[in-house]
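>>> let me see the structure of the following:
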Amino acid sequence: MSDAGVVISGENVTKRFGGMTAVNRVNFELREGEILGLIGPNGAGKTTLFNCLSGFLSPDEGNITLNGVKINRLSPDKICRLGLGRTFQAAQNFPDLSVRENVRMSALFGKEGVSYSDAEALTDEVIGFTGLDRYTGFAVPDMPFALQKRLEVARALATKPGVLMLDELMAGLNPTEVEEAMVLVRKIRESGITVLMIEHVMKAIMSICGRIIVLHHGELIAEGTPDQIVRNRHVIEIYLGEEAANGDA
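Next up is the predicted model:
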């Protein structure tokens, strides 16, 4: 693989759980400034791959580099401080803290040596960027589901990542909320942050991703532009369905 413009490189990434291989010799690149989609059926290994990239799991084989630094055995906090932020399928906000306190926590501890005043300024910036201005004093349990997901994005952004990984940001959102989330993801990319996203909402994936990679049974089975993926017969058979080929996904 070429390293030109590559922020994350995975080479033969493999993760096993007992006798099951969840991710099997996956090779991929995330290029600077892009939105890369990661799709596949449930159980395909997508979140396991995310967990390997972010340090929650260590791959059994292969190498992962972030901006040229090998991160295979680094802890999540160290990887975060190298510039990789992420969200989770189920939002991991602090339920006993307000929206502002949640974002401030990430601003304070996402990077080393951040002063309280700098964290406050960054908190203001991120809250404004993500459109959470009206909710700063809200407790997390009092917020609608879509805003809880947006808060988790804000928390990740407060760590000042160069790469942001989004794990099913749009799952459970209504059509209007999906449109709003798509606007936010584009805005994040336009701000200079590279995005890798797992998503089952095909409208979003096909609309905002420049490239897509497809996992099935832990293996990378396809890679290409949205137009190439939606016409890939193998992908249609195992995941997208015929309606995708006809433009109805």
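
>>> what's the average pLDDT for stretch 84-96?
Throughout stretch 84-96, pLDDT has a mean value of 93.

>>> residues in contact with the longest helix seen in the chain?
Of all segments of type helix in the chain, defined using DSSP state H, the longest is helix 175-190. By CB atoms under 8 Å, 6 or more residues apart in numbering, the residues outside helix 175-190 that reach it are 33-35, 129-131, 146, 149-150, 153, 157, 164, 166, 169-170, 173, 195, 197, 201, 203-204, 207-208. C-beta here means a position set from N, CA and C on the backbone, and glycine is covered the same way.

>>> SS state for residue 100?
The three-state assignment at residue 100 reads helix, by DSSP: H, G, I helix; E, B strand; the rest coil.

>>> show me the contacts for the residue nearest to it when sequence neighbours are not counted.
Closest residue to residue 100 apart from its sequence neighbours, by CB to CB, 6 or more residues apart in numbering: residue 136 at 4.2 Å. Residues near residue 136 by CB under 8 Å, 6+ apart: 98-100, 127.

>>> list phi and psi for residue 136.
With angles defined as degrees, to the nearest 10, residue 136 sits at phi -60, psi -30.

>>> distance of it from residue 98?
Remark: distance between residue 136 and residue 98 (CB to CB, to the nearest Å) = 7 Å.

>>> about what we covered before: can you tell me which of the contacts of helix 175-190 are in helices?
Among the contacts of helix 175-190, the ones falling in helices (DSSP H) are 129, 146, 149-150, 153, 157, 203-204, 207-208.

>>> turn those into a markdown table, columns for neighbour count.
Below are the ones in helices among the contacts of helix 175-190 laid out as a markdown table (neighbours: other CB atoms under 10 Å):
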| residue | neighbour count |
| --- | --- |
| 129 | 17 |
| 146 | 18 |
| 149 | 26 |
| 150 | 25 |
| 153 | 23 |
| 157 | 26 |
| 203 | 14 |
| 204 | 20 |
| 207 | 15 |
| 208 | 19 |
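
>>> count of neighbours near residue 230?
Counted with other CB atoms under 10 Å, the neighbours of residue 230 add up to 20.

>>> can you give me the strands in this structure?
6-17, 20-31, 35-39, 61-66, 69-70, 84-86, 163-167, 194-198, 211-216, 219-224 (DSSP state E).

>>> which of the ones you listed sits closest to residue 50?
Closest to residue 50 of the strands of the chain is strand 163-167 (CB to CB; 5.7 Å).

>>> tilt between that closest one and strand 6-17?
40 degrees (axes from the mean of the first three to the mean of the last three CA atoms, to 10 degrees).

>>> chain center to strand 163-167: distance?
In terms of CA atoms, centre = their mean, to the nearest Å, the centre of strand 163-167 is found 2 Å from the chain centre.

>>> ok, now stretch 181-198?
Distance, centroid of stretch 181-198 to centroid of chain: 9 Å (CA atoms, centre = their mean).

>>> how does the chain divide into domains?
1-83+162-249, 95-160 (automatic domain parsing).

>>> format these as TSV; extra columns: distance to residue 89.
Output for these, formatted as TSV (distance: least, CB to CB, whole Å):
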stretch	distance to residue 89
domain 1-83+162-249	5
domain 95-160	10
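
>>> surely residue 168 is in contact with residue 152?
No - counting by CB atoms under 8 Å, residue 168 stays clear of residue 152, with 11.2 Å between them.

>>> more neighbours: which of those two?
Neighbours were counted for residue 168 and for residue 152 using other CB under 10 Å; residue 152 has more, 24 against 19.

>>> please report the distance of the more buried one from residue 103.
10 Å.
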